[in-house]
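1. Let me see the structure of the following:
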Amino acid sequence: ATFLGSGKIEELGILAKEAEVDVVVFDIALSAAQERNIERLIGIPVLDRTELILDIFRQRAKSREGRLQVELARLEHLSTRLVRGWTHLERQRGGLGKTGGPGEKQIELDRRMIGTRMKQLRDQLKRLARQRGTQRRARSRGDSITVSLAGYTNAGKSTLFNKITRAETYAADQLFATLDTTARKFWLSDEETVVATDTVGFIRGLPHQLIEAFKSTLDETVHADLILHVVDASSPVREEQIAEVNSVLADIHADDVPVILVYNKIDVTGQAPEIVRDQNGRPKAVFVSALTGAGLDELRQAVSEFSAAWREEHPNE
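-> All right, here's what the predicted structure looks like:
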């Protein structure tokens, strides 16, 4: 009923009051009943992991599509939490006379209003997805491949994207700095370019509602010819982060797209820039620093080699 035992909840309440905290955050998804029960016992607002991530997304969303996606995810989450216990759930009176029959419960009205709004949001996102698909087809008619940057949040994707495309997208040392997909030319040489797209960062236990809501944005990764999986080489849990990103790529059916691992932040680890190759001599990993620019020539070479091999395999495209 309260996720933790009664003794631990009591201990939590004392600690929270001593520290004068404004909110208690659980790093796990709580049920609506658990959240409400804990709040009642400790007297302090409670957020679970999903609500915290949704709130960060709400603050970061800049584009119209990003804001629509976040609102849809928040409403989907809210719709599962319309349960008994709300203060205004008493049954309303219906009919014209004083003795009219019972009307809809407030919970039913709320559910209907949320359902209507979710349908409107899905329709708007479908239109935007069609526009995105048209833009993607127009790009694919050109002779350049599409490269998508993916990775754990705060791995340095946007900083790397800005370096390789000379773009000025928002990059910061914070979770989910990028929510809106951006496409730019990635110059491999004076003669050759490919299209690079920057995408939302992944995270352990990414709420299912967000994966669903950001489907059209994540489609850029699904339809890419190559994924540059950006990894924070300085992270002590980088292997776990790689596994989490691979899990999300599998969830969105992008696990069959060729991948080159890009180990970023070698300025912190002291690793030298290099290309690591598989048994066939094809690039499988590159060590770079998006901050200093070290290893970017090696990254361009790796992508150029992939591009040349791709052209050989797709001579008519």
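2. Can you give me the neighbour number for the closest residue to residue 284 other than its chain neighbours?
-> Distance criterion CB to CB, 6 or more residues apart in numbering; nearest residue to residue 284, sequence neighbours excluded, is residue 278 at 4.6 Å. Heads up, the C-betas are built off the backbone N, CA and C, glycines and all. For residue 278, the neighbour count with other CB atoms under 10 Å is 9.
3. Okay, helices next: where are they in the stretch 1-150 of the chain?
-> For the stretch 1-150 of the chain, applying DSSP state H, counting those that start in this stretch gives helices covering 6-19, 32-42, 49-60, 64-79, 106-140.
4. list the contacts for residue 144?
-> In this structure, residue 144 makes contact with 192-195, 307, judged by CB atoms under 8 Å, 6 or more residues apart in numbering.
5. about what we covered before: most tightly packed of the helices of the stretch 1-150 of the chain?
-> Neighbour counts averaged per stretch over the helices of the stretch 1-150 of the chain are highest for helix 64-79, at a mean of 20; criterion: mean count of other CB atoms under 10 Å.
6. Let me see the mean pLDDT of that one.
-> Confidence over helix 64-79 (mean pLDDT, whole number) is 80.
7. Verify the assumption that residue 272 is located in a helix.
-> No - secondary structure assignment (DSSP: H, G, I helix; E, B strand; the rest coil) places residue 272 in coil, not in a helix.
8. quick one: contacts for residue 295?
-> The neighbourhood of residue 295, defined by CB under 8 Å, 6+ apart, consists of 266, 273-274, 286-289.
9. among those, which two are most distant?
-> Of all pairs drawn from the contacts of residue 295, the one with the largest separation by CB to CB is 274 and 289; the distance is 12.2 Å.
10. neighbour-wise, which of the two wins?
-> residue 289 (23 against 14).
11. Might one say that that one is in contact with residue 264?
-> Yes - counting by CB atoms under 8 Å, residue 289 touches residue 264, with 6.8 Å between them.
12. If residue 193 is in a bridge, with which residues?
-> Beta-bridge pairing of residue 193 under DSSP bridges involves residue 187.
13. Distance of residue 257 relative to residue 153?
-> Residue 257 sits at a distance of 20 Å from residue 153 (criterion: CB to CB, to the nearest Å).
14. quick one, which of those two is more surrounded?
-> Each of residue 257 and residue 153 had its neighbours counted (other CB under 10 Å), and the higher figure belongs to residue 153 (22 against 17).
15. What is the neighbour count of the residue lying closest to that one once chain neighbours are set aside?
-> Once its chain neighbours are removed from consideration, residue 153 has its nearest residue in residue 201; the separation is 3.0 Å (CB to CB, 6+ apart). For residue 201, the neighbour count with other CB under 10 Å is 24.
16. Residue 201 is in contact with residue 152, isn't it?
-> Yes - contact status for residue 201 versus residue 152: in contact at 6.1 Å, counting by CB under 8 Å.
17. and residue 147, bridged to which residues?
-> Taking DSSP bridges as the rule, residue 147 bridges to residue 196, residue 226.
18. Report the separation between it and residue 197.
-> Using CB to CB, one obtains 7 Å as the distance from residue 147 to residue 197.
19. Find residues that contact each of the two.
-> Common neighbours of residue 147 and residue 197 (CB under 8 Å, 6+ apart) are residue 224.
20. more neighbours, the two?
-> Higher neighbour count among residue 147 and residue 197: residue 197, with 24 against 21, using other CB under 10 Å.
21. show me the contacts for that one.
-> Residues counted as contacts of residue 197 (CB under 8 Å, 6+ apart) are 146-149, 181-184, 220-221, 224.
22. Show the model's pLDDT score for it.
-> Each residue has a pLDDT score; the one for residue 197 is 83.
23. Then residue 316?
-> According to the prediction, residue 316 has pLDDT 61.
24. just to revisit the earlier point, pLDDT value on the residue nearest to residue 284, please?
-> What the model reports as pLDDT for residue 278 is 93.
25. how much space between it and residue 260?
-> Distance from residue 278 to residue 260, by CB to CB: 10 Å.
26. Flag the shaky bits of the stretch 201-317 of the chain, pLDDT-wise.
-> The stretch 201-317 of the chain contains residues with pLDDT under 70 at 203-217, 219-220, 315-317.
27. ok, now with 90
-> Within the stretch 201-317 of the chain, the ranges that satisfy pLDDT under 90 run 201-224, 244-245, 247-256, 307-317.
28. How far away from the center of its chain is stretch 279-286?
-> On the basis of CA atoms, centre = their mean, to the nearest Å, stretch 279-286 sits 28 Å off its chain's mean C-alpha point.
29. er, stretch 190-198 actually
-> Computed by CA atoms, centre = their mean, the separation of stretch 190-198 from the middle of its chain amounts to 23 Å.
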